[in-house]
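how does the following fold in three dimensions:
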Amino acid sequence: MNRLTLAALAAVLAGTGAMTALPPYSLAAMNKTVGGAEMLPSKNIVENAMNSKDHTTLVAAVKAAGLVDTLSGKGPFTVFAPTNAAFAALPAGTLDTLLKPENKDKLAAILTYHVVATKALSDAVAGMIKDDGGAHKIKTVAGGMLTAKMGDGTITLTDESGNTAHVTIADVQQSNGVIHVIDKVLLPKS
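Numbers count the residues shown, from 1 in each chain. Predicted structure coming up:
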């Protein structure tokens with residue numbers, strides 16, 4: 001059975017009938033390009049993120065927080081991966097402060113708030129949202145909760161502070177899980 005893309009899934013859920021035929025299934029069709037680099041399902045989360053020019057800040061933060069070995073591990077993990085632009089949108093000085101060695105624990109808590117200890121593809125998340133009446137609570141590795149919703153064919157995640165991120169690229173397969181690219185840094189309750 002072919003895996004549906006988020007757009008195709010949204011068309012099915014919306015009942016638009018816009019999806020008339022899917023292209024033939026192939027392994028190459030599963031590989032996505034993120035930040036100008038092909039994401040290979042044979043590589044782990046860190047290896048693929050290191051190749052994305054849109055995730056250099058995330059990679060630097062993962063290194064500073066000492067999470068490289070964890071996110072290179074067996075998993076499975078779902079990572080909601082903020083882009084460089086998402087980090088740049090934080091208040092001035094926030095990222096520089098977080099990257100300081102004395103703030104390693106705080107940075108690790110923020111980054112693990114973007115990680116779930118299971119592999120959750122967008123179709124499964126959309127199903128949970130639907131089953132839960134339009135909003136599904138997701139427990140993160142950091143222990144906090146995210147609220148997933150679906151709107152206009154896009155999965156959104158709202159943090160405990162009320163900030164909302166949109167999944168801009170879903171289902172980027174990894175050897176140890178999946179990445180969903182998001183457009184905002186999510187923050188746990190302080």
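
got the contact list for the helix or strand where Ala61 lies?
Using DSSP states H and E, Ala61 sits within helix 56-64. Helix 56-64 is contacted from outside by 46, 49-50, 68, 71, 81-84, 87-88, 95, 98-99, 101, 104, 107, 111, using C-beta atoms under 8 Å, 6 or more residues apart in numbering. Any C-beta I mention is one placed from the backbone N, CA and C, and that applies to glycine too.

going by neighbour count, list what's buried in it.
57-59, 61-62, 64 (16 or more other C-beta atoms under 10 Å).

and which of those is nearest to Met128?
Using C-beta to C-beta, Leu58 is the member of these that lies nearest Met128, at 25.1 Å.

find the residue at the geometric middle of this structure.
In the chain, the C-alpha nearest the mean C-alpha coordinate belongs to Phe80, at 2.0 Å (C-alpha atoms, centre = their mean).

these two touch, right, that residue and His166?
No - using C-beta atoms under 8 Å, Phe80 is not in contact with His166, being 10.5 Å away.

okay, and the common contacts of those two?
Common neighbours of Phe80 and His166, using C-beta under 8 Å, 6+ apart, are Ile182.

tell me which helix or strand of this protein sits lowest on mean pLDDT?
Across the helices and strands of the chain, mean pLDDT, DSSP states H and E gives its lowest value to helix 6-14, namely a mean of 37.

run through the residues that contact Leu90.
So, once contact is read as C-beta under 8 Å, 6+ apart, Leu90 ends up touching Val185.

so it, which of the three states?
Of the three states, Leu90 takes coil under DSSP: H, G, I helix; E, B strand; the rest coil.

any idea how far Leu98 is from it?
Using C-beta to C-beta, to the nearest Å, Leu90 is found at 8 Å from Leu98.
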